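**Q** I would like the atomic coordinates for the input below:
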Amino acid sequence: MERVFSTASATTRSMLAATVSCNCARAFSAAIIAIVIGYSVYTCTAVTKAVVDVASDSKLVKDAVRDATGGQDAAKMASEAITISPKELYDAYESNEIKAYTNYKGKAVRISGEVGDIGKDILDKAYIKFNADAYGMTGVQVYFKTAEAEKLGDLDKGQTITIVGICDGKQIINVVIQDSFFE
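**A** As a prediction, the model looks like this:
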């Protein structure tokens, strides 16, 4: 990884540093952006190699997971989680997104409710959704840690569950919760 940093341009080094602190999907995005905006083949190769290095280095992956949860383990995250219903969380963002952003964005939340939908998004990431309205058009969309996502196959719509995860704010029509686990 150090070799890649030392031979890449300053702009590419900045992109690589940012991707190491984020995640592999973002690193892949950086590689695509580098290609689209016309970086040299060598630079694109350096970015792609950095993606592979990040993905294959388990310490970096573990650090990225730890960073994504604010450095908290599951027990600590659960003990500090804000308990709120899916409807209350969604309504908080609908009534005043700035206030909700301050109160919930990046913080652990505990949500209990009835599963309204189970599916995969356009990036093939599994999720469940708690509905915020009677028609299931809006709600709280929950993404899980990899080990927990495997449990989604055992769920049924209408089943009541409790999850703990990190609130990622409102994205388009749903409030999104990331890095969740079942409680």
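
**Q** Can you list the helices and strands that the helix or strand that V140 is a member of packs against?
**A** Following DSSP states H and E, one finds V140 within strand 139-144. The contact analysis (3 or more C-beta pairs under 8 Å, 6 or more residues apart in numbering; DSSP states H and E) places strand 139-144 against helix 86-95, strand 108-120, strand 126-131, strand 160-171, strand 174-182. The C-beta positions use only the backbone N, C-alpha and C, and glycine is treated the same way.

**Q** Average pLDDT for that strand, rounded please.
**A** Average pLDDT, strand 139-144: 96.

**Q** For the following helix or strand past that strand, buried residues please.
**A** The element immediately downstream of strand 139-144 (helix or strand, assigned by DSSP H and E) is helix 146-149. Within helix 146-149, the residues scored as buried using 16 or more other C-beta atoms under 10 Å are 148-149.

**Q** same question, stretch 172-179
**A** Result for stretch 172-179 [16+ other C-beta under 10 Å]: buried residues 174-179.

**Q** now L89: how far from N174?
**A** According to C-beta to C-beta, to the nearest Å, L89 stands 10 Å off from N174.

**Q** what's the overlap in contacts for the two?
**A** V140 (C-beta atoms under 8 Å, 6 or more residues apart in numbering).

**Q** Keeping just the C-alphas, turn stretch 131-145 into CSV.
**A** Extracted in CSV, the C-alpha atoms of stretch 131-145 (Å, rounded to 0.1, in the frame of the first residue of the first chain):
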residue,chain,number,x,y,z
ASN,A,131,-43.1,1.3,7.1
ALA,A,132,-43.9,4.8,8.2
ASP,A,133,-47.2,5.0,6.4
ALA,A,134,-50.1,2.7,5.8
TYR,A,135,-49.1,2.2,2.1
GLY,A,136,-45.5,1.2,2.7
MET,A,137,-44.2,4.0,0.5
THR,A,138,-41.9,5.5,3.1
GLY,A,139,-40.2,4.3,6.2
VAL,A,140,-36.9,3.3,7.8
GLN,A,141,-34.7,1.2,5.6
VAL,A,142,-32.2,-1.0,7.6
TYR,A,143,-28.9,-2.4,6.3
PHE,A,144,-27.1,-5.0,8.3
LYS,A,145,-23.5,-6.1,9.1
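
**Q** which parts of that stretch are buried?
**A** 131-132, 138-145.

**Q** so which of those comes closest to Y101?
**A** Distance to Y101, by C-beta to C-beta, is smallest for V140 among the buried residues of stretch 131-145, at 15.0 Å.

**Q** was I right about that closest one contacting E88?
**A** No. Counting by C-beta atoms under 8 Å, E88 is not a contact partner of V140; they are 9.8 Å apart.

**Q** where are the low-confidence patches of this protein?
**A** Applying pLDDT under 70 to the chain flags the ranges 1-72.
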